[in-house]
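A.B. asks: next come a sequence and a model predicted from it.
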Amino acid sequence: MKFGFPVQEALEKNLQLQLPDFQLRHAVPTEKGQVDFTLHFRKSNQSDFYFFNKYDASLSKIPPLEKGQKFMVVSSDPQARKSSFITFQSPVEAIRHFKKLEGTHELAVGRNVKDKTTLATKQDGKVSLVEENFKQTFYKPDVSHTFYLDKGKGFTAEQASNLLQGRSVFRDDFVSLEGQRYQAWTRIDFDQPKDQHGNHVLAQYHHPAYGFDQEKALEKYALKEMEDPAAKAALLQALRQGERPLVTTMKDGQETQVFLEASPRFKNFNIFNTEGKQEKREQFEKKPEVGIRMEKGITHSRGEESGLAVSV
């Protein structure tokens with residue numbers, strides 16, 4: 001599922017402990033914040049096999065932590081004149097824990113309690129301070145979803161991260177309830193309410209039935225990468241994974257770079273400049289080639305006896 005070596009190493013250590021179940025944590029920085037993963041493992045009741053059937057993913061709009069930093073909730077006990085703290089790698093979990101507490105507490109980030117930066121405070125169970133740059137993260141509900149695996153198949157960590165950022169991904173290993181394998185583009189429909197399990201609705205666009213031909217749709221844009229077979233293959237693969245690759249094109253007669261994003265819902269692509277602002281697609285479409293054909297000093301066009309010969 002492409003979670004990487006650190007998760008694999010942690011998994012091996014936990015398997016040696018022979019626990020009935022355990023969770024692993026993982027975090028990756030993205031363009032829109034940090035994605036935190038919680039992977040759930042459970043041991044079989046009939047054998048020594050462990051099953052990895054699901055993982056939770058949450059996107060929080062906060063810059064990635066520096067090396068050695070962690071989130072912490074510091075709780076004070078005025079009567080005992082002492083304090084305690086709990087650390088978190090995930091800002092989502094730290095905020096959730098902080099919000100449900102009564103009494104006096106502090107939400108902070110740092111390498112340790114002495115070297116911390118306060119993000120929010122509580123007095124008598126009520127929030128008394130939230131740092132300005134942290135308000136959006138603190139008050140806006142996090143984007144989260146539980147991804148389920150079926151016999152080792154499911155969305156990879158990279159695909160899940162891109163889905164949470166509002167992009168679409170392509171998979172060719174879906175299996176219907178009737179046991180039929182099919183291909184489809186998928187996106188999270190954030191406009192629909194969550195289900196009873198707190199999950200978003202996944203919208204699917206079956207291939208080829210829906211009619212989004214990725215390669216054909218790309219051909220109408222003046223992209224330098226489409227001229228090279230290797231670069232073209234890499235571009236198609238990146239778009240299928242839900243990535244936003246940087247491509248080279250022409251704008252106002254000048255070579256420029258833009259970010260490209262698949263939009264199967266509208267059978268097209270979204271284009272963004274290097275500052276992240278969405279651009280109009282039409283300005284990057286290929287221009288019709290106009291040529292003039294001359295024969296024996298007479299200028300004419302197809303189907304015409306005389307006049308300016310313009311072939312498009």
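C.D. replies: Cool, the structure landed.

A.B. asks: now do the helices in the stretch 201-312 of the chain.
C.D. replies: Secondary structure of the stretch 201-312 of the chain by DSSP state H, counting those that start in this stretch: the helices cover 214-218, 229-240.

A.B. asks: which one of the ones you listed lies closest to Glu66?
C.D. replies: Between Glu66 and the helices of the stretch 201-312 of the chain, the shortest separation by CB to CB is 28.5 Å, and it involves helix 229-240. For the C-beta atoms, the positions are set from N, CA and C on the backbone; glycine is no exception.

A.B. asks: quick one: distance of that closest one to the chain centre.
C.D. replies: 18 Å (CA atoms, centre = their mean, to the nearest Å).

A.B. asks: residues in contact with the most centrally placed residue in the chain?
C.D. replies: Taking CA atoms, centre = their mean, the centroid of the chain lies closest to Asn162, which sits 1.8 Å from it. Residues near Asn162 by CB atoms under 8 Å, 6 or more residues apart in numbering: Val169, Gln241, Gly242, Glu243.

A.B. asks: hmm, Phe155 and the second one touching each other?
C.D. replies: Translated: Gln241. No. Using CB atoms under 8 Å, Gln241 is not in contact with Phe155; the gap is 10.2 Å.

A.B. asks: OK, contacts around Glu285?
C.D. replies: Lys220, Tyr221, Ala222.

A.B. asks: bridge partners for it, pull those for me.
C.D. replies: Glu285 has these beta-bridge partners by DSSP bridges: Tyr221.

A.B. asks: of Gln241 and Phe155, which one has the most company?
C.D. replies: Phe155 (23 against 19; other CB atoms under 10 Å).

A.B. asks: mind listing what Arg171 touches?
C.D. replies: Phe155, Gln159, Gln183, Ala184, Thr186.

A.B. asks: report the buried members of the residues you listed.
C.D. replies: Phe155, Gln159, Ala184, Thr186 (16 or more other CB atoms under 10 Å).

A.B. asks: specify the local secondary structure of the closest residue in space to Ile86 that isn't next to it in sequence.
C.D. replies: Nearest non-adjacent residue to Ile86, counting by CB to CB, 6 or more residues apart in numbering: Val73, 5.2 Å away. Three-state call for Val73 (DSSP: H, G, I helix; E, B strand; the rest coil): strand.

A.B. asks: thought Asp77 was touching His105?
C.D. replies: No. At 10.6 Å, Asp77 does not count as touching His105 under the criterion of CB under 8 Å.

A.B. asks: which one's more surrounded, these two?
C.D. replies: Higher neighbour count among Asp77 and His105: His105, with 22 against 11, using other CB under 10 Å.

A.B. asks: on that earlier part again, of the contacts of Arg171, just say which sits nearest to Lys13.
C.D. replies: After measuring these against Lys13 - CB to CB - the closest member comes out as Phe155, at 25.3 Å.

A.B. asks: how about the contacts made by the closest residue to that closest one other than its chain neighbours?
C.D. replies: Excluding its sequence neighbours, the residue lying closest to Phe155 (CB to CB, 6+ apart) is Phe147, at 5.2 Å. Each residue near Phe147 by CB under 8 Å, 6+ apart is listed here: Lys54, Tyr55, Asp56, Ala57, Gly154, Phe155, Ala160.

A.B. asks: what is Phe147 paired to in the beta sheet?
C.D. replies: Beta-bridge partners, per DSSP bridges, of Phe147: Tyr55.

A.B. asks: also Asn270?
C.D. replies: Here Asn270, judged by DSSP bridges, has bridge partners Glu261.

A.B. asks: ok, it - how many residues close by?
C.D. replies: Neighbours around Asn270, by other CB under 10 Å: 17.

A.B. asks: if I look at it, how far off is Thr146?
C.D. replies: As judged by CB to CB, to the nearest Å, Asn270 and Thr146 stand 27 Å apart.

A.B. asks: and for Ala203, the neighbour number?
C.D. replies: Based on other CB under 10 Å, the number of other residues close to Ala203 is 17.

A.B. asks: OK, contacts around it?
C.D. replies: Thr186, Arg187, Ile188, Asp189, Arg265 are the contacts of Ala203 under CB under 8 Å, 6+ apart.

A.B. asks: just Phe259 next, same as before
C.D. replies: Taking CB under 8 Å, 6+ apart as the test, what Phe259 contacts is Arg244, Pro245, Leu246, Val247, Ile271, Phe272, Asn273, Thr274, Gly276.

A.B. asks: give me every residue that touches the last one.
C.D. replies: What that stands for is Gly276. Glu31, Phe259.

A.B. asks: quick check on it: phi, psi?
C.D. replies: phi 90, psi 0 (degrees, to the nearest 10).

A.B. asks: against Lys151, how distant is Thr30?
C.D. replies: 28 Å.

A.B. asks: and the two? Which one has more around it.
C.D. replies: Using other CB under 10 Å as the criterion, Thr30 and Lys151 rank with Thr30 on top: 14 against 7.
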